[in-house]
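Participant: what's the 3D shape of this:
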Amino acid sequence: MTAGMVRTDDYHVDVAVIGGGLAGVCAAIAAARQGADVALVQNRPVLGGNSSSEVRVWVCGATAHGVHHFARETGIMGELFVENQFTNPEGNPYYWDLVLLEAVRAEPRIQLFLNTDVTDVEASGPDDARRIHAVTGWQSGSERRVRVSAGAFVDATGDGLVGYLAGAWYRLGREAREVYGESWAPEVEDGATLGSTILFYSTDAGRPVKFVPPSFAVDIMKTAIPELRPISVEAKGCRYWWIEWGGELDVVADNERIRDELQGVVYGIWDYIKNSGRFDADSLTLEWIGSVPGKREYRRFEGGYTLTQHDVLDQTVFDDRVAFGGWSIDLHPPGGVYATEKGSRHWHPDGNYHIPLRCLYSANVTNMWMGGRNISASHVAFGSVRVMATCGLTGEAAGLGAAVALAEGVSPAELATQRFDVMRRALIRSDASVLGLVHEDPADLALQASVDVSSTWDRVEETGAVSGSYPLTNHLGILVPVAPAIDGVQVQVDASRDTELVAELWRTGAPHVYLPKQQVAVERVGVPQGKGGWVRLPLAWRPKTECNAVIVLRANPDVTVCLQDEPIPGVATIGHKPLPDGEAMPEIWRYWRQALEHHVPRLRLDAPTAAYAPRRAVGGYARPYAGPQMWVSAPFAEDPEPWLQLTWHAPADVGEVTIVFDDDVQEDLVNLHRHRTPFEVLPTLVRDYRVEVVPEGADEWQVVAEVTGNRVRHRRHELSRRVTRLRVVVSATNGVQSARIVSVRAWATAGQQ
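Facilitator: The predicted structure follows:
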């Protein structure tokens, strides 16, 4: 008998992405779409990391569960949200696994290695200029080693294993307050981190089911858990996010101990629910309990820049911004479930904040990028950027950056500081999720064309019928686009008696902020008793530049505002909540939050608007920024087949046309459905359309692409035609009464996004 040999298989790619959570998935897809050959190496049997069926954490992001307006992620993360909404309307964790797997398998340039745990990293060079050559992992089940060499590596492992083995500089624990001047940092640095979590699901068996707790179940009656944490028979999954522990330990070195303790806590909570006599739980049984701790925090690498509390709260505008966040600074006590403090504390920024490219590459490993929770951020800022939709955005930017830097032959630092114009164009072409990014890429032939349309909706006003009401028991803010002016506002209301309505007009603080910042005008108007009456508010304002405004209707218990369920582009609502008594930190209190879902007030702006003009769909911005930033046609009742047309003075060689449709980024989507969205396809999306061209030397329109049943935001059509005119003709949407197009682009070459 001879000794066995372990096989080692070698692969060489352009970009190696290690870690298959959302950051890694988005990084791999982004790099592949940029033309790079990619290896995606994941140590688990499924993709998704903490969002997968193995851990089952909600994918939260910049919307902050409805705190921020027009904030849902687009780009690859947005694609995943929208696809999950259609294929997985029930929020099944296993179907979410499929959404991710299908997205990766759809990219022919990606080689996927599941169940492959990287154990070795080949790197060399001095401490301040190291370089990774290859990584090697053990693929369980196959009994083989997988060695991957590459030109660039993305560490999306969460814990930062690749960078650690390569000698990348990193931070661990909480910096002292003096390091970055952060008020939420401790006065003295320590090694504490956020802990890990194990979740559980229960189901009703329809008959009595007993539960015999295991010997290691924690007796939670001997702890403060029943008094300090919300336990209920209705809650399951991520509603128990507070089952957290290990922040005072090393969450990697002590992973097994942390898992055992967390499972003991889960069984102890379930024993309390089933056997304490305090709950109606006779027929409930455990359906699933996690076996993999969902980690929140470990290594954070040092990059070209470190994001801090100030950048999150002040919304610092970076020239090299490549992603955005919006989750609160959300920090948990190191003691986790056994702590006597609240399970978390939150400090919300006024709106979404920016993340620069310099946070996404190592300061000392010259070909290493980071995506996800290990990017360059202080512990306090990490409290916001750590949520998974934001991790997906940083992963996409890292993967895109890695591919672009390789193609251009530049280092990550050079791309961020000297050649960012190239990165900016790649972000635009790929429809990445960035705020305030102006599309000025000369490669887009649409920028050289004149734009015509069949019609334009030139007013901000109600559509359809009354579908609900909002009692003015608290102040109500109505967000509206101002392009170029407000000259009177009408609101439809019910009044229980003759009364007076106080209305205010406020400017917002920044183009992507939707809170009242500075009062512009105030008016008092009489409101007669009656139902469905229109009240004119003589508010007027002509700002120097187009922007958003907030119309505040002051609380009046005798008035109810009429609502409709069809969204009006750029219009949304915020409700006012007064400061709670005894709030110890009033500076963190957010007075305004979203007030309505799937409804907007029925209102009319008297002045015509240019907020939906045809020019919005060529160049400009690809998501709301100082307005909705899209072309909107007249209603189908007035224009049954609206179209947008590009005309060139000289024939143009168009290799590809791409169209970005309105996927209503106001709608807050969550993978496992913390809340339910009532439709599987976003009603604002164009459903049926065709692309037509007039070729050089011809006079008649020719159909080059026809699509029915569209349910995605970003569509690409290869043409390879020399044309004088091109138009997109819309014949139906998925619900709204007008065609909405965010962008039409005509590229000379097809292929890379």
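Participant: gap between the two ends of stretch 220-232?
Facilitator: Taking Cα to Cα, to the nearest Å, the first and last residues of stretch 220-232 lie 14 Å apart.
Participant: list the contacts for W241?
Facilitator: 57, 197, 199, 343 (Cβ atoms under 8 Å, 6 or more residues apart in numbering). Placement of C-beta: from N, CA and C, glycine included.
Participant: May I ask which of those has the most neighbours?
Facilitator: The residue in the contacts of W241 with the most neighbours, by other Cβ atoms under 10 Å, is T197 (29 neighbours).
Participant: Quick check: pLDDT value at it.
Facilitator: The model reports T197 with a pLDDT of 98.
Participant: Can you spell out the domain ranges of this protein, please?
Facilitator: 7-180+297-429, 196-289, 445-456+612-747, 468-605 (automatic domain parsing).
Participant: what's the straight distance from one end of the last one to the other?
Facilitator: Just to be clear, that refers to domain 468-605. Using Cα to Cα, first and last residues of domain 468-605 are 20 Å apart.
Participant: what do you get for the first one?
Facilitator: Its start and end residues considered, domain 7-180+297-429 measures 42 Å (Cα to Cα).
Participant: Just the mean pLDDT for it, thanks.
Facilitator: 97.
Participant: before we move on, the earlier item: just say which of the domains of the chain is most tucked in.
Facilitator: domain 7-180+297-429 (a mean of 22; mean count of other Cβ atoms under 10 Å).
Participant: so is S183 in a helix, a strand, or just coil?
Facilitator: coil (DSSP: H, G, I helix; E, B strand; the rest coil).
Participant: who does I110 bridge with?
Facilitator: Using DSSP bridges, the bridge partners assigned to I110 are V38.
Participant: For it, which residues are in contact?
Facilitator: Counted by Cβ under 8 Å, 6+ apart, I110 has contacts 28-29, 32, 38-40, 104.
Participant: And the furthest pair within those residues?
Facilitator: Within the contacts of I110, I29 and A39 form the most distant pair, 13.0 Å apart (Cβ to Cβ).
Participant: Tell me the confidence at M1?
Facilitator: 50.
Participant: likewise Q752?
Facilitator: In this model, Q752 carries a pLDDT of 55.
Participant: could the domains of the chain go into JSON lines alongside distance to E462?
Facilitator: Converted to JSON lines, these look like this (distance: least, Cβ to Cβ, whole Å):
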{"stretch": "domain 7-180+297-429", "distance to E462": "19"}
{"stretch": "domain 196-289", "distance to E462": "37"}
{"stretch": "domain 445-456+612-747", "distance to E462": "11"}
{"stretch": "domain 468-605", "distance to E462": "4"}
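Participant: follow-up on the earlier one: could you list which of the contacts of W241 belong to strands?
Facilitator: Under the assignment DSSP state E, those contribute T197 to strands.
Participant: Switch the contacts of W241 over to a markdown table; also include distance to R174.
Facilitator: Shown next, in a markdown table, are these (distance: Cβ to Cβ, whole Å):
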| residue | distance to R174 |
| --- | --- |
| V57 | 22 |
| T197 | 19 |
| L199 | 25 |
| G343 | 18 |
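Participant: For L596, state which of the contacts of I110 is nearest.
Facilitator: The nearest member of those to L596, counting by Cβ to Cβ, is I29 at 34.2 Å.
Participant: what helix or strand does the closest one sit in?
Facilitator: helix 22-33 (DSSP states H and E).
Participant: Please identify the helix or strand for the nearest residue to P471 once chain neighbours are set aside.
Facilitator: Once flanking residues are discounted, P471 sits nearest to T560: 4.9 Å by Cβ to Cβ, 6 or more residues apart in numbering. T560 belongs to strand 559-564 when assigned by DSSP H and E.
Participant: Show residues contacting the helix or strand following that strand.
Facilitator: Where DSSP H and E defines the elements, the next helix or strand beyond strand 559-564 is strand 572-576. Contacts with strand 572-576, where a contact means Cβ under 8 Å, 6+ apart, come from 69-70, 470, 474-479, 514-515, 550, 555, 591-596, 599-601, 666.
Participant: So which residues make contact with stretch 86-104?
Facilitator: Applying Cβ under 8 Å, 6+ apart, the set of residues contacting stretch 86-104 is 22, 25, 28-29, 40, 46-48, 51-53, 56, 76, 79-80, 83-84, 110, 112, 670-673, 680-681, 711.
Participant: those strands in the stretch 301-450 of the chain, which residues are they?
Facilitator: 321-325, 329-331, 345-347, 353-356, 368-370, 450-453 (DSSP state E, counting those that start in this stretch).
Participant: Make CSV from these and add distance to V292 to it.
Facilitator: Shown next, in CSV, are the strands of the stretch 301-450 of the chain (distance: least, Cβ to Cβ, whole Å):
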stretch, distance to V292
strand 321-325, 25
strand 329-331, 22
strand 345-347, 26
strand 353-356, 27
strand 368-370, 22
strand 450-453, 52
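Participant: do you know which of the ones you listed lies nearest I18?
Facilitator: The nearest among those, by Cβ to Cβ, is strand 368-370 at 10.0 Å.
Participant: so what secondary structure elements neighbour that closest one?
Facilitator: strand 144-155, helix 161-166, helix 388-408 (3 or more Cβ pairs under 8 Å, 6 or more residues apart in numbering; DSSP states H and E).
Participant: which SS class is the spatially closest residue to I220 that is not a sequence neighbour?
Facilitator: Nearest residue to I220, sequence neighbours excluded (Cβ to Cβ, 6+ apart): G268, at 4.6 Å. Following three-state DSSP, the label given to G268 is helix.
Participant: List the contacts of G268.
Facilitator: 213, 217-220.
Participant: Output the strand holding T560 as PDB, nothing but the C-alphas.
Facilitator: Output in PDB follows, covering the C-alpha atoms of strand 559-564 (Å, rounded to 0.1, in the frame of the first residue of the first chain):
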ATOM      1  CA  VAL A 559     -57.600  68.200   8.700                       C
ATOM      2  CA  THR A 560     -56.900  64.900   6.800                       C
ATOM      3  CA  VAL A 561     -54.800  64.900   3.700                       C
ATOM      4  CA  CYS A 562     -56.100  62.800   0.700                       C
ATOM      5  CA  LEU A 563     -53.700  60.300  -0.800                       C
ATOM      6  CA  GLN A 564     -53.100  58.300  -4.000                       C
END
